[in-house]
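Visitor: Sequence and predicted structure, then a few things I'm wondering about:
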Amino acid sequence: MNRADHLQWCKDRAMEYVNQGDTKQAFASFVSNLLKHPETENHLVIEMGMMLLLSGNLSTSYEMEQWINGTN
């Protein structure tokens, strides 16, 4: 699977949790799946996302959806 396909798969999986209102599991799923591919395992969005999560900026489904879908 190439990087783009893997990234989309990560987003799709995480969005399943967002749609259920489980933002913490969405974050965990997204990061865990990014770590499974050599071209995304060191993605800067992982560290940035952790800072956003800890500061309360990814607490709503809307915020989480925007963050996930904004990842390139």
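Guide: On my side now, so go ahead.

Visitor: Okay, helices next: where are they in the chain?
Guide: With DSSP state H as the criterion, the chain has helices at 3-19, 23-34, 44-54, 61-69.

Visitor: Dump those helices into a markdown table; add mean neighbour count and mean pLDDT as well.
Guide: C-beta: built from backbone N, CA, C; applies to glycine. Converted to a markdown table, the helices of the chain look like this (neighbours: other Cβ atoms under 10 Å; pLDDT from 0 to 100):
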| stretch | mean neighbour count | mean pLDDT |
| --- | --- | --- |
| helix 3-19 | 16 | 98 |
| helix 23-34 | 19 | 98 |
| helix 44-54 | 14 | 96 |
| helix 61-69 | 18 | 98 |
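
Visitor: quick one: contacts of stretch 1-16?
Guide: Contacts to stretch 1-16, defined as Cβ atoms under 8 Å, 6 or more residues apart in numbering, come from residues 26-27, 29-30, 33-34, 36-37, 39-40, 64-65, 68-69, 71-72.

Visitor: cutoff 7 Å now
Guide: 26, 29, 30, 33, 34, 37, 39, 40, 65, 68, 69, 71 (Cβ atoms under 7 Å, 6 or more residues apart in numbering).

Visitor: before we move on, what about stretch 49-69?
Guide: Here stretch 49-69 has contacts from 11, 14, 15, 18, 21, 23, 26, 27, 30, 31, using Cβ under 7 Å, 6+ apart.

Visitor: ok, the last one touching residue 46?
Guide: So the one you mean is residue 31. Yes: proximity of residue 31 to residue 46 meets the contact threshold set by Cβ atoms under 7 Å, at 5.4 Å.

Visitor: on that earlier part again, of the contacts of stretch 1-16, which pair is most distant in space?
Guide: 39 and 65 (23.3 Å; Cβ to Cβ).

Visitor: Once you drop chain neighbours, what's closest to the residue nearest the centre of the chain?
Guide: Taking Cα atoms, centre = their mean, the centroid of the chain lies closest to residue 30, which sits 3.5 Å from it. Closest residue to residue 30 apart from its sequence neighbours, by Cβ to Cβ, 6 or more residues apart in numbering: residue 14 at 3.8 Å.

Visitor: How much space separates the one you found from residue 39?
Guide: Taking Cβ to Cβ, to the nearest Å as the measure, residue 14 falls 18 Å from residue 39.
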